[in-house]
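Engineer: Below is the sequence, then the predicted model.
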Amino acid sequence: MDFRQLFKLRLVVAALGEAQRLGWWNSGVLTGTGEFPFQQGFPRSSPFGQTRAGFRVAKLVCDEDLAIQPTPGGPITFHLFRLTPQLEDAFENECNRWMDEPQERAGSFKGPWKSKTCQWQRVHERGAKKA
């Protein structure tokens, strides 16, 4: 599995779902405003902390909307923000390796939440017209 592609896909979907964009979840973690507290508390790893928080919000909302209540030994349901435990562990390990190269990864984090709300609205309107 290409974890860099998975990371980018999760980031774009999580950013799209923010309250200021498509409103799938009531969060502003992946916005310029949401960036500030992470920079204050975690200057070296703020992009990673911010994206993990955004992914967590998306995961919780998707779990709730799909009525997923994970239980040990119970049935496993998957979605973009909930993969098999083995894949999630491998993804986390890869993300931890990326923390050793923060400057190289910095551009990957900024793009989705630096876009203006009107740009996200145009994407939403195009999708609505196709449906």
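Structural biologist: Looks like it arrived, so ask away.

Engineer: Report the buried residues of the biggest helix by length in the chain.
Structural biologist: Ranked by residue count and defined by DSSP state H, the top helix of the chain is helix 46-65. By 16 or more other CB atoms under 10 Å, the buried positions in helix 46-65 come out as 46-51, 53-55, 57-59, 61-63. C-beta here means a position set from N, CA and C on the backbone, and glycine is covered the same way.

Engineer: What angle do helix 46-65 and the next helix or strand after that helix make with each other?
Structural biologist: On the C-terminal side of helix 46-65, the closest following helix or strand by DSSP states H and E is helix 85-98. Here the directions of helix 85-98 and helix 46-65 differ by 160 degrees (axes from the mean of the first three to the mean of the last three CA atoms, to 10 degrees).

Engineer: For F36, the count of nearby residues, please.
Structural biologist: Around F36 sit 12 other residues, with neighbours defined as other CB atoms under 10 Å.

Engineer: and if you look at M1?
Structural biologist: Considering only other CB under 10 Å, M1 is surrounded by 10 other residues.

Engineer: mind listing what it touches?
Structural biologist: L87, A90 (CB atoms under 8 Å, 6 or more residues apart in numbering).

Engineer: pLDDT below threshold where in this protein?
Structural biologist: 101-131 (pLDDT under 70).

Engineer: try 50 this time
Structural biologist: Along the chain, segments meeting pLDDT under 50 span 120, 124, 130-131.

Engineer: isn't T51 right up against L11?
Structural biologist: Yes: at 5.9 Å, T51 and L11 qualify as touching, with contact defined as CB atoms under 8 Å.
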